[in-house]
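Enquirer: here is my input; please provide its structure:
(3 chains)
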Amino acid sequence: MNSKDQSAPFLEVKDLEVFYSAGKQKVQAVNGVSFSLQKGRSLGLVGETGAGKTTIAKAILRILPHASATVKNGQILLNGTNLLSLSEERMRDIRGNEIAMIFQDPMTALNPILRVGNQITEAILHHSSMTKAEAEKHAMEMLEMVGIPAERFGEYPHQFSGGMKQRVVIAIALACNPALLLADEPTTALDVTIQAQVLHMIAGLKEKLGTSMILITHDMGVVASSCDDVAIVYAGQIVEYGTLEQIFDHPSHPYTRGLFNAIPSMNIDQEYLEPIDGLPPDPTHLPEGCYFSPRCKYAAEACKTGNMPVITTADGHLCRCCQYNLVAKDEKK
Amino acid sequence: MSANEEMIRRLAKDRLAMLGLLIFVAEIIVAVFAPLIAPSDPFAMDFTSMLSAPSSAHLMGCDEMGRDIFSRIIYGTRYSLGLGISVVVVSTIAGTIIGAIVGYFGGVADAVIMRIMDVFQSIPSLLQSVVISVVLGTGFFNTLLALSIHRTVGSARLLRGSIMGMRHMEYLEAADALNCSKLRTILKHVLPNSFTPMIVYATAGIASAIMSASTLSFIGLGIIAPTPEWGAMISSSRNYFIEYPHTVLFPGLAIAITVFALSVLGDGLRDALDPKLKN
Amino acid sequence: MLKYFAKRILWMIPIVICVALLIFSLMRLIPGDPARMLVSRDATEEEYLNKRVELGLDEPFLTQLGKFLTDTFLHFDFGKSYMTKTSISRDIGPRMVRTMELGLLAAAFAMITGILLGITAATHVKKWQDSLCMIIALVGISMPAFWAALLLIMLFSVKLQLLPPSGIGGIQYYILPAISVGLYGTATFARQIRSSMLDVIGSDYVTTARSKGLTEREVIYKHALPNALIPTITIIGGFLGQMFGGSIVIETIFSIPGMGLYLITGINNRDYPVVQTCVILLSIIFCIAMLLVDLAYAMVDPRIKARYASSKVKRNK
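Expert: From the prediction side, this is the model:
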């Protein structure tokens, strides 16, 4: 674990809280999320749809819709600078340059009436002193790098397949060689056969360019193949956080265990999968106490009131559950 | 009918649309009870008060013949609203029949009628109404006809479009499978589902019919003086408006307020019927 | 795509002929005999019959129709005005130019003001700027063009004495008419642009543009607006129809000797050839304008362009 020997982490998110408001209704999308990421590592944010994963990523890049979303609390430190207190102008220099994002749906992430080449060039021109010709040359190199022939520079998005579009999106994101890449379910919208290709490519490029990455997904398989650290998100909170090994070998939170039990195993001949009972909570009316308690078979009286504290179970392995001992015992059986 | 209640609830929340509805209903009441509300006879000429400015005796003043403008505007609701509503009713019925026939049966009927409609639609709408009302002459029914033809084509196209869009919907195939007659299918399934675009089109249609009617009357076609149609009032006072602006100001305001009310009501209805469209 | 538009242009020919046929027949249905109107009140029966022969009204309907169609479409001769006895083909030229000038100015006015209002509203949604722009748009939709024209004359010509109230001359003579005709367009464009801008601003590619670090101005004008304009192009068609109709009325108010005034004079004098010519030419201009709108639509959206390009294999509907 190299988390101890470095003083300041590359990215540190502290007590992030985000609200959405629609009319008079307020929705707590992110409730005090804290995590850190070391240079060059990949963090997987895992959770169900609506758990607040994308909101965390958009909050880091400060591209939440300002009409409806408010960041209530917290700090986002990139190399020690709090992004939330930067001016919009300074933030623009960071967006696309130091932090870039890959979006979930490649079908809608590209502007349909601009040539793909120009959509890449635009980002480069904005963050470097290159001339137009140099930027275009670099954009072509980026296309080649993601496996698209440079001749397709002048084509429009509708001329590309879904997987190819996602490659273009990746090329845009990596065009300025960002230090941090936010990948929001980059493969969900793609065919299964293409998914592996794209993931493999992201991993390769990340290695080559030394980029740190936050990978948002609900797919444990994707996490296993591309992440170093894992954070499990439930109802806008991180319920468990640790290295890949810690989470996969010793899942401590009942929700994490539920996630694993819902995956068919290759080794054992399973007749039934074990789903997690109930539904994720309504974010406008979060339950008292531990947000997972209504669905949790380990829930005790203590879980139904107050704030659930975060407990460190092993070296850097965090878990937001007071019953983790029971869970661990269960695992041994 | 909870979908309807939901729609009404949404509409009731839209304050601007409610204002529009209020104005529209108030104008209908005024039109019906015009003789009780109007302070004087809209046709009575009083040469002593020709072109007199607004006063306590004549709220909106008098026109070039000394007729009370306020009373004329009140009676004018009968012509403007009456024309607007009748044009929409006539053209919606005619358009629905034509649209249903061509949309559902398709084939030769569709091709022929659509080509005829192409011809009608390649003449700008007001130009068309002008030519037809030249042929038919002035008066309420002739103007009604002149304004309805263009709208009929529009309604028919709209309905045809929505029928074409749903012709291959599964519930229609199901109805086919159950051996429902074509007529029954149209009446029971197709028309109710085309209702939403039709009602929005109709509300906006009253506004545009009122506008076109007043324009026709303004250029001396449509309904002509001394009938107190708003456009005709502006037309007959036009030569005096520089010295006596009240003679064209008030009838114009009457048109603008009515069209405004119907536009916001139409917007509100569209949003209430299809909340997806609302931003 | 060329093939598609060639087909559209060819298809215009039968439509225009049908319009001509329709208008010619309608003119013959108008009550009242133009020959009777043209001869003096105490004219003898012989003078009246001579007039009918002179105007060609003595021939059977079908013969008249055939002559009219061949003259119009084969010789491009629209005949002579009953009233002035001058060649319509010659008279109509400068009038057409004036009407087109008015139309283009009005369209430019409507588009520029409409886009500005729409963008302001969309970028300040639910704030006072939004309400203000939408109220302006609603007022624009509610005012009849002829009434707006009278109010504008009142304000700018009579009270402020800034602009001429009627006639033709320099550009200043066109300003008030263009605003009167364009006002409705301003309002409809503003509303359409606002709603399509709001759709577009919420879309993923705008977020992508923002995540690249572009300035808000670049995001709005380079990414959002061009996409928001595409659905707006389709309403230009409806606006053009309104505009050609509106110009008939506005030309009479401002005494601009264009096609609108020519048409109204023709109607009042039962000058059939003049009325026919104006209606046919206005319809042709209208059809061409609609075609150009479709063409523009295909040009700006590469997706539609691609669809037309591949329409060779599709059915021709």
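
Enquirer: so the closest residue to chain B within the stretch 51-200 of chain A versus chain C, what's the distance?
Expert: At 11.2 Å from chain B, residue A:67 is the closest residue in the stretch 51-200 of chain A, using Cβ to the nearest Cβ. Every C-beta, even on glycine, is put in place using the N, C-alpha and C of the backbone. For residue A:67, the distance to chain C equals 7 Å [Cβ to the nearest Cβ, to the nearest Å].

Enquirer: and that residue, backbone torsions?
Expert: As for residue A:67, its main-chain torsions (degrees, to the nearest 10) stand at phi -70, psi -40.

Enquirer: repeat for residue C:86
Expert: Reported as degrees, to the nearest 10, the phi and psi values for residue C:86 are phi -100, psi 160.

Enquirer: cool, residue B:65 as well?
Expert: phi -100, psi 10.

Enquirer: neighbours around it, how many?
Expert: 16 (other Cβ atoms under 10 Å in any protein chain shown).

Enquirer: so how far is residue B:249 from the nearest residue to it once chain neighbours are set aside?
Expert: Sequence neighbours aside, residue B:45 is the residue nearest to residue B:65 in space, at 4.7 Å (criterion: Cβ to Cβ, 6 or more residues apart in numbering or on different chains). As for residue B:45, its distance to residue B:249 is 21 Å (criterion: Cβ to Cβ, to the nearest Å).

Enquirer: likewise for residue A:260?
Expert: Here the criterion is Cβ to Cβ. By it, residue A:260 lies 77 Å from residue B:249.

Enquirer: for residue C:187, which residues are in contact?
Expert: Residue C:187 sits next to C:114, C:136-141 when contact means Cβ atoms under 8 Å, 6 or more residues apart in numbering or on different chains.

Enquirer: narrow the residues you listed to those that are buried.
Expert: Neighbour-count burial (16 or more other Cβ atoms under 10 Å in any protein chain shown) applied to these gives C:114, C:136-138, C:140-141.

Enquirer: would you list those residues in JSON lines and tack on secondary structure?
Expert: Output for the buried ones among the contacts of residue C:187, formatted as JSON lines (DSSP: H, G, I helix; E, B strand; the rest coil):
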{"residue": "C:114", "secondary structure": "helix"}
{"residue": "C:136", "secondary structure": "helix"}
{"residue": "C:137", "secondary structure": "helix"}
{"residue": "C:138", "secondary structure": "helix"}
{"residue": "C:140", "secondary structure": "helix"}
{"residue": "C:141", "secondary structure": "helix"}
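
Enquirer: in the chain, which residue is most central in space?
Expert: Let's take chain A. Nearest to the centroid of the C-alpha atoms of chain A, with distances taken as Cα atoms, centre = their mean, sits residue A:216, at 2.8 Å.

Enquirer: chain B was what I was after
Expert: Nearest to the mean C-alpha position of chain B, counting by Cα atoms, centre = their mean, stands residue B:206 at 1.8 Å.

Enquirer: following whichever strand or helix holds that residue, which helix or strand comes up?
Expert: Using DSSP states H and E, residue B:206 falls within helix B:191-218. Tracing the chain past helix B:191-218, the next element assigned as helix or strand by DSSP H and E is helix B:230-237.

Enquirer: what about residue A:260 and residue B:249, which has more around it?
Expert: Regarding residue A:260 and residue B:249, a neighbour count based on other Cβ under 10 Å identifies residue B:249 as having more, with 21 against 13.

Enquirer: can you pull the contacts of that one?
Expert: Neighbouring residues of residue B:249 by Cβ under 8 Å, 6+ apart: residue C:151.

Enquirer: near chain C, which residues of the stretch 151-300 of chain A show up?
Expert: Contact residues (Cβ under 8 Å from any Cβ of the partner chain) of the stretch 151-300 of chain A with chain C: A:156, A:158-159, A:169, A:172.

Enquirer: and the residues you listed, which are buried?
Expert: Buried residues within those, counting neighbours by 16+ other Cβ under 10 Å: A:156, A:158, A:169, A:172.

Enquirer: would you confirm that residue C:197 contacts residue C:119?
Expert: Yes - with contact taken as Cβ atoms under 8 Å, residue C:197 and residue C:119 are classed as touching, separated by 6.4 Å.

Enquirer: just want to know which of these two has more residues nearby.
Expert: Relative neighbour count places residue C:197 above the other of residue C:197 and residue C:119, with 25 against 20, counting by other Cβ under 10 Å.

Enquirer: residue contacts, the more buried one?
Expert: Under the criterion of Cβ under 8 Å, 6+ apart, the neighbours of residue C:197 are C:118-119, C:122-123, C:224-225, C:228.

Enquirer: can you tell me whether I have it right that it is in a strand?
Expert: No - the assignment for residue C:197 by three-state DSSP gives helix, which leaves it out of any strand.

Enquirer: just to revisit the earlier point, which of the buried ones among the contacts of residue C:187 lies closest to residue C:7?
Expert: Distance from residue C:7 was checked for each of these by Cβ to Cβ. The minimum falls on residue C:114, at 31.8 Å.

Enquirer: measure the closest one to residue C:99 for me?
Expert: 21 Å.

Enquirer: how about the contacts made by residue 150?
Expert: I went with chain A, as the question did not name one. Residue A:150 makes contact with A:140-141, A:143-144, according to Cβ under 8 Å, 6+ apart.

Enquirer: meant chain C actually
Expert: The contact partners of residue C:150, by Cβ under 8 Å, 6+ apart, come to B:234, B:238, B:241, B:248, B:252, C:253.

Enquirer: now swap in residue B:263 and tell me
Expert: Applying Cβ under 8 Å, 6+ apart, the residues near residue B:263 are B:20, B:204, B:207, C:138, C:141-142.
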